[in-house]
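In: Predicted model and sequence follow; I will ask about them next.
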Amino acid sequence: MTKRYNVFIYFYFTFIFNQVGKLRTSSHLQLRPGQDKAVCISNVLLACESLMIPSLSTDYGSRYEKLDEKVGPKTILSYLYVSPNNKRKIMLLTDPEVESSLLISFDEGASYQRYHLAFDILSLLFHPEQEDWILAYSHDQKLYVSVEFGRRWQLVHDSVVPNRFYWSKLGLDKEPGMIHLETSVSDRRSQYITCKLQNCTEANKGRPFPGFISPDSLVVQDQYVFIQVPMGGRPVHYVSYKRNAFFPMKLPKYTFPKDLQIISTDDNQVVAAVQDWHQNDSYNLYMSEAHGLFFTLALENVVSSGGPEGNVMIDLYEVCSNGLVRVPSLFVCTLPLLTRGLNLYGTDGTGVPFLNPGCSSLFHMLPYCSLHLHLHVSDNPYTSGNIVSKESAPGIIVASGKHYLITLYMNVMYISDLCENEEYSILFLNQGGALVAIRHTPLPIRHIWLSFDEGRHWNKFSFTSSPLYVDGVLGEPGEDTLIMTIFGHFSHRSEWQLVKIDFRPIFNRRCTTDDYQTWQLHNDGKVCIMGVKRIFQNLKPDARCVKTKDQYISQMSDSCPCTEADFECDFGFERQSDGGCTAAFWFVPSSVSRDCTTGDSFLNTTGYRKALSNNCTAGTLGKYRIRRQRCLHQAPRGLQLVTSEGTLTATLGDNVTLLVFLEEVMVCITVDFGDGTAISYANISSIEDGVKHTYSKVGIYQVAAMALNSLGSERVLLYLHVTCTLEQVQLSAPSVVVRNKAVDLSTVLKPRYVGTVTYYWWFNNHTEPVVTLVGGMSFTFYKEGTHTVTVQVSAGNTVLQDKITVAVYEYFRSHVLAFSSNLDAFNPAVAEWRQDISRVVKDSMVQVTGINGEQLLVSVLPGLPTAAELFIIPEKRPTEGTMNRKGTHLEQLSQVLLSALNQDLIQFTLRPGVQVNVYPTRLSPAPLVDTSESGHNGAAVIMLVSVVFVGLAVFVIFKFKSWCTKPQVKDTKTKLKNGRHRNSAHRTDLQLLRLAFIDNDRSITHYVTMRIWSGSPKSSILQL
């Protein structure tokens, strides 16, 4: 993993430590104060002055050289990177707010070359083997690659999820220069792709998982690839072993994880922390077999807490080890209050709690004797923290509590009361040959503690004459050095100080074989641990010698016969009080036989499985190990059919990927897509990447999968909703309706067919909508006045709405209006345009006739040719008189308007040079008021049929008249009123007949409009 260092500003002193515990000053150099850190690289120490100008020391801080001439006097630095494969290669990143560039050194900081960047770097990822290969992630979510250690960069991909990009692993991936990426598709969907290093084109992209995944879920670690896919409202976690096909991870049944974190993939198995559905502040630990598929519970209720920026902090620490001293994976965790203490947990499935040294050997019940050590992260990243282990010092674990300092060496615990109600930071020197403890406190200190015997005994030394506020402790990476650096300040207003402590006078010779003694690892007298007897060599307590890199602790091992303690419960089995493993109530042992082929044999579990890192042999191994059995002849079972996205919807025209899962392999699989297309496969292994299909029509399709062999079959169904994007919704209803009479409301969608649609209708200010599955409904308005109708249409992930206003009156008059034909060319078919034309026509009528505008409503109708409907409504103020008198008044207003329309007095200017006339149609509409007292549905049907025949008769007569009558062409120069020309060639011959009939049984008024339009004497159109 890439190590990131911050440069810092400080004052410092350097000191030399001698054997008698006194300190003498060796050099003194002052800089300006600041609040960052120093970096130690090999024997090079970097620091910075006031403007982030670095200083370089090649002798562990004794002398410093300013680098302002090498990097530029006005350069402001933000980060420092060191190549993990070549410590001589250093990269300095400038502050992007001032200048975006890199300063690169190939000689451990002696000289630098500046390279300007076209993007701002947020993070870097170095290749684990190729020292010049680097991935750079920018602030705008783009990923760049350099194969020249930052001198040149090339864009790999955009829309990359932060921290979800990985280098390929040699021996697992097809090519060494491959990158694993998670790219963002939307807020809820991501995609897992692989790219070649310098050729990430669409043709060269790989998609190891065929569908979409949950955002921020890709983890590529060692032999495993993990993803998460939402299915049915629950996350399903998938794993790929050795870059093969993905399969769902199997947790114990009824474990519904809210969160799953991959803790470790060491020892060829997966350790995962799972927060179950009932947990809030804790996680359970699960371990898998080699393939990472089947998980068993290892430890419950590991404490967790919320971290910065919403991150989850799990109180779990993985103990460091290395390849020379093979110690199985070991974890330290914190348990809840009732059993809280420091627990050591190994991959053998055992948890060993640390006990308080004051407890009697006869009484050590938890929690009374547990040590309360908590794994909270230190505020200062340069201090060691509460629990420390190092790869260069295998076998040593140091834990610091409020009252005790604990050292665990090769499973033997040494407890010291050094802490005095304070916590300590620990620094490893000489590969664990010396341990340095420094108090972690906000108070100033001047002492450190040293141990030369793995923490058995501690000696106190002073490192400064004046108490120092310690801000951090540094040692050379690898803990091979005998020099440590302490930095801090004497007071909150003082300058920064740096203290260098050199332990070389103490360790003045190299270690020899005579300095070591043998020691056997044991656990309460049991020498067989994880199936092996281990004999180690460690330094004698009085040895004061320097370990070298080739003098790691040697060991001798011998296998032990297997016992029950070397086995853990297999998947589906639970540990009982007597130590045995029995099947859980939900588990059918014969169900786990994925490798079984009909007529062949398979390995059947006995309920136990040996820990992968356990090396026991013979003994009682035969009792617990899996047994080979012949496969039972059985029909297919466990068939599952899901979409790759975990949803039940698909978009028209896009590829739909269907995933089929089945426990039996050798069966014939048939997938019927429900649209008349089906496809068959000889076995399920042929469709591990999914089955792809494209639908050409929207609708709900019944997708079926059938598994068949000679013993039977199994069939599952999936109802897939294929939709397209809803672009527009238009609500239609009469502008004026009769009170207490039902009116029809309808919607028009664009496109017309979008799949499954839900309609939500709101009337006025009602808080609860009326929900329908069809685009129309009937509604009755019981109060006069203006009412608002809103409809929302939900199709897939799209929700659109439209709103109209309906006027409700006891009685009114109406007329259908037509416009001159030149208006049609400017009709954009949008509601806002129709509203504006309605307003202009109404204003013209009010101006010409003097009628009160509150009594007029004009509604331009959708469609071509452009037409409108005029409504004459009663006055809002109450008037005396019968309904007949009120109706007579409306009739008088109607005649005034018709007179103005017939004289072409109602007109408006659409744009300069475009004059539009408004005139009434030749056929008057039927009365819109129900005056009958009785009627039947049959009469309504007869009326409708009669209307159709009348319309056809009118159409035939009109056509006959057009053929037989010679048209009379008037003189186009004839003067009309107000100087206007009347030209029949520019006037649309539009006849609209609106009829109304009443369905009294249902109290519904039905409207039928016939539109008869003739553009010339030889052509006419009838619309009903």
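Out: Perfect, I can see it now.

In: For the helix or strand harbouring residue 658, buried residues please.
Out: Element membership for residue 658 (DSSP states H and E) is strand 655-661. If you call a residue buried by 16 or more other CB atoms under 10 Å, then strand 655-661 has these buried ones: 656-661. Heads up, the C-betas are built off the backbone N, CA and C, glycines and all.

In: and it, what does it pack onto?
Out: Secondary-structure packing of strand 655-661 (3 or more CB pairs under 8 Å, 6 or more residues apart in numbering; DSSP states H and E): strand 640-643, strand 668-672, strand 691-694, strand 699-709, strand 712-723.

In: residues near the nearest residue to residue 282 once chain neighbours are set aside, how many?
Out: Leaving aside its sequence neighbours, residue 282 sits nearest to residue 301 (CB to CB, 6 or more residues apart in numbering; 4.5 Å). Neighbours of residue 301 under the rule other CB atoms under 10 Å: 18.

In: How confident was the prediction at residue 301?
Out: The model reports residue 301 with a pLDDT of 84.

In: okay, how far is it across stretch 475-493, tip to tip?
Out: End-to-end distance of stretch 475-493 (CA to CA, to the nearest Å): 27 Å.

In: coming back round to it: any chance of the buried residues of strand 655-661 in CSV, with distance to residue 534 and pLDDT too?
Out: Below are those laid out as CSV (distance: CB to CB, whole Å; pLDDT from 0 to 100):
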residue, distance to residue 534, pLDDT
656, 56, 88
657, 51, 87
658, 52, 88
659, 46, 84
660, 48, 85
661, 43, 79
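
In: Now render those as JSON lines, adding distance to residue 208.
Out: Below are these laid out as JSON lines (distance: CB to CB, whole Å):
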{"residue": "656", "distance to residue 208": "19"}
{"residue": "657", "distance to residue 208": "13"}
{"residue": "658", "distance to residue 208": "17"}
{"residue": "659", "distance to residue 208": "14"}
{"residue": "660", "distance to residue 208": "18"}
{"residue": "661", "distance to residue 208": "17"}
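
In: Just name the closest of the residues you listed to residue 69, please.
Out: For the buried residues of strand 655-661, the residue nearest residue 69 by CB to CB is residue 657; the value is 59.8 Å.

In: Spit out the contact partners of that closest one.
Out: 210-211, 643-645, 690-692 (CB atoms under 8 Å, 6 or more residues apart in numbering).

In: where's it relative to residue 257, distance?
Out: Residue 657 sits 24 Å away from residue 257, taking CB to CB, to the nearest Å as the criterion.

In: Same question for residue 95.
Out: 42 Å.

In: if you count what's nearby, which of these two comes out ahead?
Out: Higher neighbour count among residue 95 and residue 257: residue 257, with 23 against 15, using other CB under 10 Å.

In: nearest spatial neighbour of the more buried one, skipping sequence neighbours?
Out: Nearest to residue 257 is residue 274, by CB to CB, 6+ apart, at 4.7 Å.

In: still on that earlier bit, so what are the sheet partners of the strand holding residue 658 and their directions?
Out: Paired strands of strand 655-661, with direction, are strand 640-643 (antiparallel), strand 691-694 (antiparallel) (DSSP bridges).

In: which one of those strands is the most hemmed in?
Out: Burial of the strands paired with strand 655-661 is given as mean neighbour count (mean count of other CB atoms under 10 Å); strand 640-643 ranks first at a mean of 20.

In: can you list contacts of whatever helix or strand comes next after that strand?
Out: Using DSSP H and E, the next helix or strand after strand 640-643 towards the C-terminus is strand 649-651. Applying CB under 8 Å, 6+ apart, the contact partners of strand 649-651 are 643, 656, 695, 720-725, 796.

In: can you rerun that using 10 Å?
Out: 643, 656-658, 693-695, 698, 701, 703, 720-725, 755-756, 796-797 (CB atoms under 10 Å, 6 or more residues apart in numbering).

In: For the stretch 751-900 of the chain, just list every one of the strands.
Out: 758-763, 770-772, 776-780, 785-795, 798-809, 813-819, 856-861, 867-872 (DSSP state E, counting those that start in this stretch).

In: Please produce a markdown table containing those strands, extended by mean pLDDT.
Out: Formatted as a markdown table, those follow (pLDDT from 0 to 100):
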| stretch | mean pLDDT |
| --- | --- |
| strand 758-763 | 94 |
| strand 770-772 | 94 |
| strand 776-780 | 93 |
| strand 785-795 | 92 |
| strand 798-809 | 90 |
| strand 813-819 | 91 |
| strand 856-861 | 90 |
| strand 867-872 | 91 |
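
In: Look up how far residue 828 lies from residue 916.
Out: 15 Å.

In: Give the residue from the two that has the larger number of neighbours.
Out: residue 916 (21 against 7).

In: What residues of stretch 735-745 count as buried?
Out: Under the neighbour-count criterion of 16+ other CB under 10 Å, stretch 735-745 has 735-738, 741-745 buried.

In: ok, the residue nearest to residue 84 when sequence neighbours are not counted - how many residues close by?
Out: The shortest distance from residue 84 to any non-neighbouring residue, by CB to CB, 6+ apart, is to residue 126 (5.4 Å). Neighbourhood size, residue 126 [other CB under 10 Å]: 24.

In: before we move on, what about residue 792?
Out: So residue 792, with other CB under 10 Å, has 17 neighbours.
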